[in-house]
Each structure stands twice: as C-alpha cells, then as structure tokens.
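> give the three-dimensional model of this entry:
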Amino acid sequence: MTDTKRHVLIIAYYFPPMGLGGVQRTLKFAKYLPSFGWQPIVLTVGETGYFAFDESLLREVEECGIEVVRTSSFDVNRIFRRRKPVKMPREFMRKILQFLGDLLFIPDTKVGWKRKAVKAGMEILKNRHVDAIVATAPPQTDFLIGLELKRRTKIPLVIDYRDSWLEYPFKYFPTPLHRWWHRRLERKVVRGCDRIVVTHRRVKEQLVTRYPFLSYQDVTIISQGFDGDDVELQNVGRSPSHKIRIAHAGTFYARREPGTLLRGLHRLLKDSPALRGRFELNFIGATRKEDQALVAKLGLQNDVNFLGYLDHRVCLKHLLEADVLWFVLDNNLQSPGKLYEYFGTGKPILGSVVDGYMHQLLEESRAALCVSLDDIDGHAKALQELLSQFDRKQLPRPPAEFIQRFERRALTGDLAKVLETLMDIDRNAFVRVSGK
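Take a look at the predicted model:
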C-alpha cells in the first residue's frame, strides 16, 4: 500500500442522518477506509422523508471527517421535502405500498435519484482524482448509478450486495415482465462491474449459479459487523434486578414480528403464575399499533416496553444493559446487521429463526438458544430456560475469537484489499483484468 491515499467514491442512498440498519455498513466502511489508505467521498441523497433519523450517526460522520456530497432527488420520498420521520404504516398498508412501488418503479422507488446522482457524481469525478467507485444496495438504483459513472469514466466499480436483488424476500414482481426486467438489469450490472461483494455465502452461490460467466473468485464475502468503538463508548453495567431483561432492536414487518414470542411469554406465565413479574421485554425501534394491541390483549403491559426508535448509541446502551438479546428472522436470504451488533455486545441471544445460515451462525456462537419461528411452546420453554440460567448466573457468552471475526475495522480491511486489486485494471480496455 502506498503512502499517498487513494480516493474512492461511495454511492449510498441510505446514509446518515437516516437511521435504521441499512446505513451502518456504509458508514463504518467510510469511517475506517482511511486507515487502509483509501479516502472516501460519499454521494448520497439530500433532505427527504424516512422512517427514522439518527443525529448520533450524523455526528459520527462529522467527527470522522467523512466527505459527503448530497444531491436532491425526484423519488417518491420527495413529497416529504423536509427531513422528518415518516410514520411506520400498519402491515397491510406496508404491503400495499410495497406492491405499488414495485409495480410502478424499476428497479425501485429510488430510481428518480439516478439522474441527479449521476450528474453530481460526474462533477466529483471531473474535479477530483478518484481511483474506484463503490455502490451499495439496496436500493438497486445505487448499482445503476455506479454502472453509469463507470461507463462514462472507466473508473473501476465494486458493487456491494447488502441483500440479494432477485431473491430479496420483500421484493414483489407483479408480472413475469417485471422479473425479466430486474434480471436483465442485474445481469447488466454484474457484467459491467469489476468486483462483487456480498454479506454471506448464500448470495454468492446464487450469483455464481445464475451467471455462469462469474467465478467464485469474482465474488468476495464481507460479512456484516459491529464497531468496537461503539461498544467501548457504551461500556455500562446494569443495576441488580430479579427480572431478566430481554431486548430487541429493529423494525417489525411481515413475519419478522413479536407475536410468537409474546404468546410464548403469555403461555409461560399462564402455566407458571409465580413467574409473573420476572420478565422485562424491551422493544427498540419504530412501534406498530398491532404489536401494542397484542400486548394489551395478552395482558403483558407490565412485562413489555416499546421504547420507539432511539439514537444508535442510546440503543447500544440498552442492548448492553440487557441480559439476553432477541433476534427474529423469517428467511434464509438476509444477513441483518443487528445480529452482528448483538455479537459485539457479548450477550447471549434468543434466536427465533428458520433453518439456514443465520441459524448455523447462532449455533456457532455457542451463546444462542434457537427456536423455530412459529413455535409458541418452544418460545415458552426457551424463556423458562433462560430465566433459570439467569437465576443461576450461568447465561452463556460467545468466545472472544468468535466476536472478533465481525469487527468493522478488520472487515473494512477486507474491502480495501478488494479495492487494491482494481489498481491493475487498464481503464482504456474497459474490461476487468480477469475478464468475464
């Protein structure tokens, strides 16, 4: 690595002050890339509506001195001209809005940002020396922006799949034409980029199987992770209590919701009334009325707290003060960043999951109790077992060597290695050295 820093343009619609999990990976890459000889310039959207905003993440951007270029957009969020939170819709309305968005916009509702972003990106690339471009998705519009900038400038492009494109479980394809069009776009992006990064093996296998021109060497796995600095900043304890405190951070939607856990707790307390008052469940994230209604219906108002969306650092404080963290995932296609932040806290985890990669990873941590997603009795038994371990002061902890695998600084080093491989590319040839 040379002494002079190289420069990388990162295209990311989701970036602070937006909150929620989608911004963390990009923010931490931008934070740590300078340590590996790469100076980032982040191209993102200007003020718009979103489900949550996080001023603590924006302060982190400023404290790290990350250069950010913001541009306006003609996407549907433009109706919220000021930066303000958008109320989380009920589940049935979320599905309707998702369907309409997927019906009317390809590849996604952010496609209206493309023209403005390409224009702003070209201004950056004309006036600054940039060695590489990284586009992270979703939204897949980011990939199209990166590809267009590469086409115009021949600067090498890395695409970062935070989630699968075609297999994303919450993506609708209203007609066969929609699916064909998305696959055509993905094929164009995958052919046109120079390197591909994914968060876990399942996505890599899907891409290599779907596109025979890809080899396994073309796709690099860089998992989600946690920032050790964040954990150290919030190194707190909790006051002694006879209650076991279970916390969850994240947004509920589709089958990723607390119904089975709540019904399991209700069943346990019904069968063992002496345990009433021994549990405290804290849900951190946008609150849905249907979840509050279920808590009231089950008579768990004294056992469950809805804390709403909290700044990232405040959220981490609550996670570190918990005894157990709850993780729920209804598919085997995603690799949510919050699980890796859970690992970073060193806390035991109750996993409500389906069989697959995330289940295997939880088992590998040696500090997780996994239950089938829809098993009410299984959740009741798991809660009873965790309470027993809590009373005996025998709650498990993941080994340090397991946790360190997911430290953001080291993962950013892996991205820097990918970027370094691009420096041998002949831009005039407009193809990758390895070919496709």
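> distance check, the residue lying closest to Ala12 once chain neighbours are set aside against Pro16.
Distances taken as Cβ to Cβ, 6 or more residues apart in numbering put Thr26 closest to Ala12, at 4.4 Å, once the chain neighbours are dropped. In short, each C-beta sits where N, CA and C put it, glycine included. Counting by Cβ to Cβ, to the nearest Å, the separation of Thr26 from Pro16 is 9 Å.
> tell me which helix or strand in this structure has the weakest average pLDDT.
Lowest on mean pLDDT, DSSP states H and E among the helices and strands of the chain sits strand 84-85, with a mean of 55.
> next, the buried residues of the helix or strand hosting Leu149.
Using DSSP states H and E, Leu149 sits in helix 141-153. For helix 141-153, the buried set under the neighbour-count rule, 16 or more other Cβ atoms under 10 Å, comprises 141-150, 153.
> from those residues, pick the one nearest Ile66.
Asp142 (17.2 Å; Cβ to Cβ).
> give me the pLDDT for the closest one.
Asp142 is assigned a pLDDT of 98 by the prediction.
> which residues are in contact with it?
11-13, 110, 135-136 (Cβ atoms under 8 Å, 6 or more residues apart in numbering).
> in JSON lines: the residues you listed, plus secondary structure and neighbour count.
Shown next, in JSON lines, are the contacts of Asp142 (DSSP: H, G, I helix; E, B strand; the rest coil; neighbours: other Cβ atoms under 10 Å):
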{"residue": "Ile11", "secondary structure": "strand", "neighbour count": "30"}
{"residue": "Ala12", "secondary structure": "coil", "neighbour count": "27"}
{"residue": "Tyr13", "secondary structure": "coil", "neighbour count": "28"}
{"residue": "Lys110", "secondary structure": "coil", "neighbour count": "27"}
{"residue": "Ala135", "secondary structure": "strand", "neighbour count": "26"}
{"residue": "Thr136", "secondary structure": "strand", "neighbour count": "25"}
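> flag whichever of those residues scores worst on pLDDT.
Within the contacts of Asp142, lowest confidence goes to Lys110 (91).
> distance of the nearest residue to Ser72 once chain neighbours are set aside from Asp108?
Nearest residue to Ser72, sequence neighbours excluded (Cβ to Cβ, 6+ apart): Gly46, at 5.0 Å. Distance, Gly46 to Asp108, using Cβ to Cβ: 18 Å.
> so these two - more neighbours on which side?
Between Gly46 and Asp108, counted using other Cβ atoms under 10 Å, the more crowded position is Asp108 (23 against 15).
> domains in this structure, by residue range?
The chain breaks down by automatic domain parsing into domains covering 6-225+407-429, 229-404.
> how long is the shortest one end to end?
Between the opening and closing residues of domain 229-404 there is a gap of 13 Å (Cα to Cα, to the nearest Å).
> what sits against Thr220?
195-198, 414, 418.
> swap the cut-off to 10 Å and go again
158, 160, 195-198, 204, 414-415, 417-418, 421 (Cβ atoms under 10 Å, 6 or more residues apart in numbering).
> show me which of those residues are buried.
Of the contacts of Thr220, these count as buried by 16+ other Cβ under 10 Å: 158, 160, 195-198, 204, 415, 418, 421.
> sort out which of those are in strands and list them.
The strands, defined by DSSP state E, take in 158, 160, 195-198 from these.
> next, format those as JSON lines and append pLDDT.
Formatted as JSON lines, those follow (pLDDT from 0 to 100):
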{"residue": "Val158", "pLDDT": "98"}
{"residue": "Asp160", "pLDDT": "98"}
{"residue": "Arg195", "pLDDT": "97"}
{"residue": "Ile196", "pLDDT": "98"}
{"residue": "Val197", "pLDDT": "98"}
{"residue": "Val198", "pLDDT": "97"}
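> and which of those is nearest Pro273?
Val198 (48.5 Å).
> quick check: closest non-adjacent residue to the closest one.
For Val198, the spatially nearest residue (Cβ to Cβ, 6+ apart) is Tyr161, at 4.5 Å.
> now Ile11
Ala135 (4.3 Å).
> one more: Arg183?
Distances taken as Cβ to Cβ, 6+ apart place Leu166 nearest to Arg183, at 6.2 Å, with adjacent residues excluded.
> looking at this, that neighbour is in a helix?
No - checked against DSSP: H, G, I helix; E, B strand; the rest coil, Leu166 lies outside a helix; its state is coil.
> any idea what the residue nearest to Ile11 is bridged to?
Ile11, Ile159 (DSSP bridges).
> what separation is there between the residue of the chain most remote from its centre and Gln384?
Of all residues in the chain, Ala274 has its C-alpha farthest from the mean position, at 39.2 Å, by Cα atoms, centre = their mean. Here Ala274 is placed at a distance of 12 Å from Gln384 (Cβ to Cβ).
> run the chain-centre distance for the strand or helix carrying Ile124.
Here Ile124 sits within helix 114-127, counting by DSSP H and E. Distance of helix 114-127 from its chain centroid, counting by Cα atoms, centre = their mean, to the nearest Å, is 26 Å.
> and stretch 189-205, by the same measure?
16 Å.
> got the end-to-end distance for it?
So stretch 189-205: terminal residues 17 Å apart, Cα to Cα.
> buried set for that stretch?
Quick answer for stretch 189-205 (16+ other Cβ under 10 Å): 189-190, 192-200, 202-204.
> can I get the CA coordinates of stretch 385-400 in CSV?
Taking Å, rounded to 0.1, in the frame of the first residue of the first chain, the C-alpha atoms of stretch 385-400 are listed here in CSV:
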residue,chain,number,x,y,z
GLU,A,385,-34.6,-22.0,30.4
LEU,A,386,-33.1,-18.5,30.1
LEU,A,387,-34.7,-17.4,33.3
SER,A,388,-33.2,-20.5,35.0
GLN,A,389,-29.8,-19.7,33.6
PHE,A,390,-30.2,-16.1,34.7
ASP,A,391,-31.0,-17.1,38.3
ARG,A,392,-28.0,-19.5,38.4
LYS,A,393,-25.8,-16.7,36.9
GLN,A,394,-24.9,-19.2,34.1
LEU,A,395,-26.1,-17.3,31.0
PRO,A,396,-23.6,-18.2,28.2
ARG,A,397,-21.2,-15.8,26.4
PRO,A,398,-19.7,-16.1,22.9
PRO,A,399,-15.9,-16.7,22.8
ALA,A,400,-13.8,-13.6,22.1
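> let me see the mean pLDDT of that stretch.
Mean per-residue pLDDT for stretch 385-400: 97.
> same check on stretch 333-345?
pLDDT averaged over stretch 333-345 gives 91.
> likewise for stretch 255-263?
93.
> which pLDDT value goes with Gln292?
At Gln292, pLDDT is 94.
> I figured it hits Gly308, correct?
No - contact criterion Cβ atoms under 10 Å: Gln292 and Gly308 do not qualify, at 11.2 Å.
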